Each structure stands twice: as structure tokens, then as C-alpha cells.
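Peer 1: pasting the sequence and the predicted coordinates here, then a few questions.
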Amino acid sequence: MRISAESCVFGHAVCLKRITVAVLLAFAWADSSAQQVVDGSRTPNLIPDSAAYRMVLLALSNPGQPSEEQIANQKARLAAIGLQEDDRQILLQQLVSFRAEYGSVTRFTNESARDFHKRRGEFVQSVRDRIKMQLSSDGWLRFEQYVWGEKAHMKTVVRLEEMNK
């Protein structure tokens, strides 16, 4: 699968074969803070939860008019989480809602990179909270463990000040 700048969602390239996620920060130019690349295969604990949940939600969700192949891939990825059918349906609904709202949340504005990241992080946190409230306790535990496990397949750029929090 070839990933072009046009296929990236505001700098996030998502390889759906194994939810291997590389974050290409298009907004790094606007922030002069010291940054460091974090490789989840070496230090998954340094991948921020907000980034991990955002990347997993992007990888699990489909665009508005998914192809049959995208639907089949999503079904396989969701099966890997091990949710009961009720929880799977709840998560699917949340993924549709997330993808529909994400575009407007990440639309480019004249705000600073810091404000953009804050707004995007707050949105992801609100989706995460909704999922947690709606899934069964077992479903939430499985989803959370899935996200943490996926950190080993992620790379992201983190501002050093965030790493020290």
C-alpha cells in the first residue's frame, strides 16, 4: 500500500494491514519546542495515550462510504479486540461518529499548533470517555488493552515537555 500526502489525514498515515501507525507531523513547523521521536517498539510507555487512542480510532474507523474491502478489514481488526457483540456494535457506532466529527475538528484554522493539538486532544478524550461509558467493563478493558498493545507498533513525535508530565 502506497501512502501519499493526499491520502494522509492531516499528517497521519495509517497502514491498515497491521495498524502500524506513523505520525507525520504537519504542524511541527509551527512549534519550536524541542521534540523527540518515540518508537513504541522500544518504549511503548512513552507513546502518549491521547496519540495512541487517536491513531487506533483512525485506523479502526472507515470513511463515510467504505468499500467492501474496507468493511472486511474493519471487521477483522475489530475481531482482534475480542469484544462481545453488544460491545462491538457500540464501538462501531462510536467509530462512525468519531470519523464524521474528526474532519471538522482537525480542519485547518489560523490557530497555533499548540492550540490545534489541545483541541484535537480534547476531542479524542471526549470520544474515549463516551466509549468507556457505553462499553461493558469487560469491553472497555479489552479495548484499552488493545490500544496499549498497539503502542508497540507506533511511532510519534512528542514535545519533550509532554514526556516529563
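Peer 2: Done, it's in. Residues are numbered from 1 along each chain as shown.

Peer 1: the helices in the protein, which residues?
Peer 2: Assigned by DSSP state H, the chain shows helices spanning 49-60, 68-79, 85-105, 113-134, 137-150, 160-163.

Peer 1: for those helices, which one ends up most surrounded?
Peer 2: Ranked by mean neighbour count, those are led by helix 49-60 with a mean of 22 (mean count of other CB atoms under 10 Å). Glycine gets a C-beta too; all of them are placed from N, C-alpha and C.

Peer 1: which helices and strands does that one pack with?
Peer 2: For helix 49-60, the packing partners by 3 or more CB pairs under 8 Å, 6 or more residues apart in numbering; DSSP states H and E come out as strand 12-15, strand 20-23, helix 68-79, helix 85-105, helix 113-134, helix 137-150, strand 154-159.

Peer 1: distance between the fifth one and the chain's centre?
Peer 2: Pointing back at helix 113-134 there. Its chain's C-alpha centre and that of helix 113-134 lie 10 Å apart, by CA atoms, centre = their mean, to the nearest Å.

Peer 1: can you show me the CA trace of that helix as PDB?
Peer 2: Output in PDB follows, covering the C-alpha atoms of helix 113-134 (Å, rounded to 0.1, in the frame of the first residue of the first chain):
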ATOM      1  CA  ALA A 113       0.000  24.300  16.600                       C
ATOM      2  CA  ARG A 114      -0.300  24.100  20.400                       C
ATOM      3  CA  ASP A 115      -4.000  25.200  20.300                       C
ATOM      4  CA  PHE A 116      -4.700  22.800  17.500                       C
ATOM      5  CA  HIS A 117      -3.100  19.800  19.400                       C
ATOM      6  CA  LYS A 118      -5.000  20.800  22.500                       C
ATOM      7  CA  ARG A 119      -8.400  21.000  20.700                       C
ATOM      8  CA  ARG A 120      -7.700  17.700  18.900                       C
ATOM      9  CA  GLY A 121      -6.600  16.000  22.200                       C
ATOM     10  CA  GLU A 122      -9.800  17.200  24.000                       C
ATOM     11  CA  PHE A 123     -11.900  15.800  21.200                       C
ATOM     12  CA  VAL A 124     -10.200  12.400  21.300                       C
ATOM     13  CA  GLN A 125     -10.500  12.400  25.100                       C
ATOM     14  CA  SER A 126     -14.300  13.100  24.800                       C
ATOM     15  CA  VAL A 127     -14.700  10.100  22.400                       C
ATOM     16  CA  ARG A 128     -12.600   7.900  24.700                       C
ATOM     17  CA  ASP A 129     -14.900   8.900  27.600                       C
ATOM     18  CA  ARG A 130     -18.000   8.100  25.600                       C
ATOM     19  CA  ILE A 131     -16.700   4.700  24.600                       C
ATOM     20  CA  LYS A 132     -15.700   4.000  28.200                       C
ATOM     21  CA  MET A 133     -19.200   4.900  29.500                       C
ATOM     22  CA  GLN A 134     -21.000   2.900  26.900                       C
END
